[in-house]
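J.: pasting the structure only:
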């Protein structure tokens, strides 16, 4: 195993998650380690995004350690199931809708639009976490209830997302009337 020294602490890299992100362990705990090497601009953008998300109240991996000289960010590791995988189940518990609406509302209060793709969220102990650092300035035309909401219900858009990601599935799409009714009910119930 490769050991990465970050601010005099040793982290063992156990898995590569993307180009610059790894799953690492230290003293029996798991962490996300993002190593930007010489890309200072990408490091600053990522760190600023993590800091800005921290101030929104949106549940996401907490910053544990930042090495500004080496351009490395260490965050808690969320061991959970992808919201996308969870939404593929025949029955979806309502807690997921309550939490995604809360997350989108908190982001909107901070004038942010965050990525609505269910693959950017993990469920751990019935808590929904946003694990991406993607967001943009809030624009009403990109609001969750106007653009991304249909990815969270058994709609044609959800089925298209699964096919786009090449995820084998046997998801039964609801009729437009039933899914639209469910979307309106959940929006009225949970979107503040």
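T.: Perfect, thanks for sending it. The model shown is predicted, which means the values in this text are computed figures rather than measured ones.

J.: Can you show me the strands along the chain?
T.: Here the chain has its strands, by DSSP state E, at 2-6, 9-16, 21-26, 29-35, 63-67, 72-76, 81-82, 112-114, 121-124, 127-130, 135-137.

J.: Let's have those in TSV, adding mean neighbour count and distance to residue 91.
T.: Glycine gets a C-beta too; all of them are placed from N, C-alpha and C. Below are those laid out as TSV (neighbours: other Cβ atoms under 10 Å; distance: least, Cβ to Cβ, whole Å):
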stretch	mean neighbour count	distance to residue 91
strand 2-6	14	42
strand 9-16	14	31
strand 21-26	19	31
strand 29-35	18	30
strand 63-67	16	36
strand 72-76	21	30
strand 81-82	14	15
strand 112-114	22	26
strand 121-124	21	15
strand 127-130	20	17
strand 135-137	12	31
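
J.: Could you provide these in a markdown table, with additional columns for distance to residue 92?
T.: A markdown table is the format used below for these (distance: least, Cβ to Cβ, whole Å):
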| stretch | distance to residue 92 |
| --- | --- |
| strand 2-6 | 39 |
| strand 9-16 | 29 |
| strand 21-26 | 28 |
| strand 29-35 | 27 |
| strand 63-67 | 31 |
| strand 72-76 | 26 |
| strand 81-82 | 12 |
| strand 112-114 | 20 |
| strand 121-124 | 11 |
| strand 127-130 | 12 |
| strand 135-137 | 25 |
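
J.: Minimum distance to residue 181: which of these has it?
T.: Closest to residue 181 of the strands of the chain, according to Cβ to Cβ: strand 127-130, at 23.0 Å.

J.: where do the helices sit along this protein?
T.: Assigned by DSSP state H, the chain shows helices spanning 40-54, 83-87, 95-109, 156-164, 176-190.

J.: Tell me which of those helices approaches residue 141 most closely.
T.: helix 95-109 (13.1 Å).

J.: Give me the residues contacting that closest one.
T.: With Cβ atoms under 8 Å, 6 or more residues apart in numbering as the test, helix 95-109 has contacts from 56-59, 83, 86-87, 113-114, 116, 121, 123, 126-128, 130, 135, 138, 143-145, 148, 152, 186-187, 189-192.

J.: Pull out the buried residues from those.
T.: Among the contacts of helix 95-109, the ones that count as buried by 16 or more other Cβ atoms under 10 Å are 56, 58-59, 83, 86-87, 113-114, 116, 121, 123, 128, 130, 135, 143-144, 148, 152, 186, 190-191.
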